[in-house]
Each structure stands twice: as C-alpha cells, then as structure tokens.
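Below is the sequence, then the predicted model.
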Amino acid sequence: MKYIKTLSLGALALLTVACGNKSDDKAAETAQQEKVQVKIAKVTSEDVPQTETYTATVESDVKNNIAPNTPYRIEKIYVEVGDRVRKGQVLVQLDASNLRQLKLQLENQKVEFKRTEQLYQVGGASKAEYDNAKLQLDVYSTQLKQLTENTQLVSPISGIVTARNYDDGDMYAGNPVLTIEQMNPVKVIVNISEVYYKQVSKGMPVDIQLDAYEGETFSGKVTIVYPTLDEATHTFPVEVTIDNASQKVRPGMFARATVNFGTKSHVLVPDEALVKQIGAGDRYVYVYKDGKVSYNKVDLGKHIGNYYEILSGVNPGDDVVVAGQSRLANGREVEVVK
C-alpha cells in the first residue's frame, strides 16, 4: 500500500510540472498574440505661417461732439441722424437774442468812438477818453465774434451725423447737441501679446473680416503701436486703420483682424495622431521607436487642413501612431502594419 501511495504522489508531481510548462508556453503565446497592431506615419517640419486673429469693434477715426460753450435755447437744428455734412457747414442755430442786442451795442459804441476820436483830434477830448472809447469798441467786437461763433455751431470735420440729442426749441442741458463721425478712414484697436512686440511696426498690413460682409476681406495697416503694455494681460494696444472710401465699413461693426508675423519651422502631425487625455484638455501623441511606443504630451499650434502644428513634444523624423491608439499605453510593445 505504501508503494502505491508513493507512486501516486510522484505521478501527481510530474503531472503538475507538465501542466505548468504548458501554461507558461500558452501565456507567452498569448502575450505575443496581444501585441497591438498600429499604423504609423513619419512627420517632418515645415514652414508654418505665424498668423494671429484678434476680435475688435470698428470705430470712427475722428469723432466730434457738437455743443455750445454756455446754455442756450436751440432755435434750429439743420441736420438729422444719417445726414452727410461737410467741414464748416452750419449745423445748429442757437437763440440769437443776445447776439442781436450785442450787435446794437457795438453799433452804438462805434458811433461813440468816432465822436470821441474827432474830439480828440481837435483837442476836445483827452487821451484817456480816447483810449477808453477804443477799448470799449474792441471789447464789444471780441464779444460779438465769440457770441456769433457760439450761436451758430458748425461742423469741424466732414462726416456723418450719428447722434442728435435735442429738438428745436429745447434748452441746451449739457449733452452734445449732435455727434459727427468721420467715416473714411475707420479703425480698430487690437491687443497683441507681448511676445510679438518686436515684430509689430507702423505700416504693417492687416487683413480685416467683418460679419456684415461674409467672405470679403478689407485691407488695413498698423498706424499706432502703443508704447506701454498692460501689466495684467501682458498685451499692448495696436491701432489699425482701414481705408473706407466706399464707406461700407461702419463704426460698431464686429471685426476680426488677422496679423501675419512671418513663418516658423514646426512639425505637422495628422489629426488622427492626436489623443485627448480623459478629464483634461491636454493632447498626446504616441511616438513609435524600436518596437515600442512612448506617450508624449504635445503643445498644439494652428490647425492647418488635416494637420496640427506641434510646438513641442514631437521631433522631425519621428514616427507617430495614426491608428490603433485605443489599446495603447506608455512603453507598450506594438506591431506595425501597413
């Protein structure tokens, strides 16, 4: 009985070893079969245009608020919103009763001065009387000129009436009577990152697109580069002037200004190579080398057709995985298929 028992234990051990060898072989075979099949593409660097687009609102190049120096009753406003006006055109007539009274006083003073002048010439008036009469005449003349300018309001520019705040007969109460805006040229002001400060200069061309004119591009150019930067945003304002001879572009329109900062040599990778990390906005690319893949975080630039510009994370000549990423992990062995 002991002999049979010992034999049985030995046979069991041999059986266990045999089964163990078969399991190891099967595991190795399974691991070989589970190599993920991937497709790869070699990437190269290309000269990529470095353009940036900024949003802005169109503004008139010159804007004038028309108002008198002192409160007057408004007798007549000669223009309406939307009217075109020329430089020097009379726009508003204010109450002229004071003006009429002053004109009468001036005429009386002219008569008085002439009489005093004649007496002075024949010795009938002193030099002091003559000087005083001359002074009064000059004062009335100056007052008349100032009052005339302030009772007839004229346009200092050629442009369009964009606001009217009073009606005939109203008393001027502080707000501008009219607003005149020059329509040619117009401008936009954009805030550009400080990294481009050395690349922006006066005269630099800028392309302008407007929602009001879809598919149409207007030409602009940099006219002012502000000398200081915003400490909070690290941007600096740039004024872009738009030629507007047709006057199609109007103040208040929403604009997109595209500035070209030249080109830089960067890697381009196909769209399908990019992997988004779950729960974050980071993008990754699997780079293939010597039968394995590495999980590389990349910084994206512009989207150009079916490719993305890569600022960092992938080098020229690298092989990137473009299919089969769903089963990959960093350092995993893969099989490349066509």
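Sure, I can see it.

wait, Pro251 sits on Glu59?
Yes - between Pro251 and Glu59 there is a contact under Cβ atoms under 8 Å: 5.5 Å. For every residue, glycine as well, the C-beta is placed using N, CA and C.

got a list of what Val90 touches?
78, 152-154 (Cβ atoms under 8 Å, 6 or more residues apart in numbering).

Quick check: bridge partners of it?
Listed beta-bridge partners, Val90: Val154 (assigned using DSSP bridges).

From Glu52, how far off is it?
From Val90 across to Glu52, the span is 47 Å (Cβ to Cβ, to the nearest Å).

do the same with Glu149
The gap separating Glu149 from Glu52 is 48 Å, by Cβ to Cβ.

got the phi/psi numbers for Thr70?
With angles defined as degrees, to the nearest 10, Thr70 sits at phi -130, psi 160.

Now for it: which residues touch it?
For Thr70, the contacting residues are Asn150, by Cβ under 8 Å, 6+ apart.

Quick one, grab the pLDDT at it.
We note a pLDDT of 81 for Thr70 in this prediction.

And for Ser141?
At Ser141, the model reports a pLDDT of 89.

quick check, it in a helix?
Yes - applying DSSP: H, G, I helix; E, B strand; the rest coil, one finds Ser141 inside a helix.

How many neighbouring residues does it have?
The local packing of Ser141 (other Cβ atoms under 10 Å) involves 14 other residues.

how much space between it and Phe113?
For Ser141, the distance to Phe113 - Cβ to Cβ - is 11 Å.

swap in Leu94?
Applying Cβ to Cβ to Leu94 and Phe113 gives a distance of 29 Å.

Mind checking which of the contacts of Val90 are buried?
Neighbour-count burial (16 or more other Cβ atoms under 10 Å) applied to the contacts of Val90 gives Leu153.

Val298 - nearest residue in space that isn't next to it in sequence?
Nearest residue to Val298, sequence neighbours excluded (Cβ to Cβ, 6 or more residues apart in numbering): Gly313, at 3.3 Å.

for Thr263, that is, sorry about that
Nearest to Thr263 is Asp47, by Cβ to Cβ, 6+ apart, at 4.3 Å.

wait, that neighbour sits on Gly262?
No - the pair Asp47 / Gly262 is not scored as a contact, 9.3 Å apart, by Cβ under 8 Å.
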